[in-house]
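1. sequence? don't have it. structure:
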């Protein structure tokens, strides 16, 4: 049996194209994109998923190495994988937004902690909400559905199809509106209760200027905020499940639209 350069290039690209898409997803997906996760772990996970999925994919036409179509295909596969992970990361960022809004209403905006998921300082309640959302994501079987979405993406948009166009990126940006509204839904009960408390103290300060409302208002806002969190936190799982379902549906339709370009 004679092994030619074209055969070697075909065998290499059979694993190379899936690896790029999987690697892009691993770099942006929730939990996997955290700085605390070692790059070696991400690389090993991407290699394992590539070895499992590549033999089941339809064969792609080999491209000349280092040619213009070859470089375009590299960018395409990486962008698709990164976009799939970015959609789910937007859902996690919605919970961080909700926690920050509640933190500032309670007067805990100064309570900053090192965020291991982002490698920067973030409000304490924002981290609490996001860590809770990540645990709910795991309990909903999020990682398994993520692998299923990745496998379906190779069937809906196999390597070698069209590059995402401007309309696809606009649809991806518009999905951020849904996540932003979801963050508002999570924070709205606690923020509303805190707003009423702050309005009450504003009226009290105007009617009795001699009363030091600041020394009373901060502890009371903190207590009311904790009570509001106690009653509003169960809503997080419901809103998060709704946002995740919309994210799965959007990602599947986004991939399907790529195949029709």
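-> Looks like it came in fine. Note that this is a predicted model, so its numbers are computed, not measured. Residues are numbered from 1 along each chain as shown.
2. burial check on residue 256, number of neighbours?
-> Residue 256 is flanked by 13 other residues according to other CB atoms under 10 Å. Backbone N, C-alpha and C define where each C-beta goes, glycine included.
3. how close does it get to residue 250?
-> Per CB to CB, to the nearest Å, residue 256 is found 11 Å from residue 250.
4. so for the one helix or strand residue 91 maps to, what gets flagged as buried?
-> According to DSSP states H and E, residue 91 maps onto helix 68-106. Using 16 or more other CB atoms under 10 Å as the test for burial, helix 68-106 gives 73, 76-106.
5. just stretch 135-150 next, same as before
-> Going by neighbour count (16+ other CB under 10 Å), the buried part of stretch 135-150 is 136, 137, 142, 145, 146, 149, 150.
6. got a list of what the fourth one touches?
-> It stands for residue 145. Contact analysis of residue 145 by CB atoms under 8 Å, 6 or more residues apart in numbering lists residue 248.
7. state the pLDDT value of it.
-> Per-residue pLDDT puts residue 145 at 92.
8. next helix or strand past the host helix or strand of it?
-> For residue 145, the host element (DSSP H and E) is helix 142-156. Using DSSP H and E, the helix or strand that directly follows helix 142-156 along the chain is helix 166-207.
9. from the contact counts, what lies against the very next helix or strand once past that following helix?
-> Next helix or strand after helix 166-207 toward the C-terminus (DSSP H and E): helix 213-232. Other elements packing on helix 213-232 under the criterion 3 or more CB pairs under 8 Å, 6 or more residues apart in numbering; DSSP states H and E are helix 68-106, helix 166-207.
10. avg pLDDT for helix 213-232?
-> Here helix 213-232 scores 77 as its mean pLDDT.
11. three-state assignment of residue 33?
-> Judged by DSSP: H, G, I helix; E, B strand; the rest coil, the three-state class of residue 33 is coil.
12. ok, back up a step: show me what the helix holding residue 91 is packed up against.
-> Checking 3+ CB pairs under 8 Å, 6+ apart, helix 68-106 ends up next to helix 5-28, strand 120-123, helix 124-139, helix 142-156, helix 166-207, helix 213-232, helix 234-260.
13. what angle do helix 166-207 and the third one make with each other?
-> Just to be clear, that refers to helix 124-139. Angle of helix 124-139 versus helix 166-207, following axes from the mean of the first three to the mean of the last three CA atoms, to 10 degrees, is 140 degrees.
14. average pLDDT for helix 124-139?
-> pLDDT averaged over helix 124-139 gives 86.
15. residue 21 is nearest to which of the helices and strands packed on helix 213-232?
-> Comparing the helices and strands packed on helix 213-232 against residue 21 with CB to CB, the closest turns out to be helix 68-106 (3.9 Å).
16. among the helices and strands packed on helix 213-232, which comes closest to residue 53?
-> Here helix 68-106 is closest among the helices and strands packed on helix 213-232 (CB to CB), at 12.0 Å.
17. what's the angle from that closest one to helix 213-232?
-> Angle, helix 68-106 to helix 213-232, by the same axes, to 10 degrees: 120 degrees.
18. residue 82 is in contact with residue 25, isn't it?
-> Yes - the pair residue 82 and residue 25 qualifies as a contact (CB atoms under 8 Å) at a distance of 6.9 Å.
19. where does the prediction get shaky in the chain?
-> In the predicted model of the chain, residues 1-11, 108-122, 161-162, 208-215, 217, 258-261 satisfy pLDDT under 70.
20. which ones are touching the most centrally placed residue in it?
-> What sits nearest the mean C-alpha location of the chain, by CA atoms, centre = their mean, is residue 89, with 0.6 Å. By CB under 8 Å, 6+ apart, the residues touching residue 89 are 28, 29, 30, 33.
21. redo the residues you listed as a markdown table? Include neighbour count.
-> Listed next are those as a markdown table, based on neighbours: other CB atoms under 10 Å:
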| residue | neighbour count |
| --- | --- |
| 28 | 17 |
| 29 | 24 |
| 30 | 22 |
| 33 | 20 |
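22. distance-wise, check residue 40 relative to residue 77.
-> 22 Å.
23. again but with residue 188, I slipped
-> Residue 188 is 40 Å from residue 77, by CB to CB.
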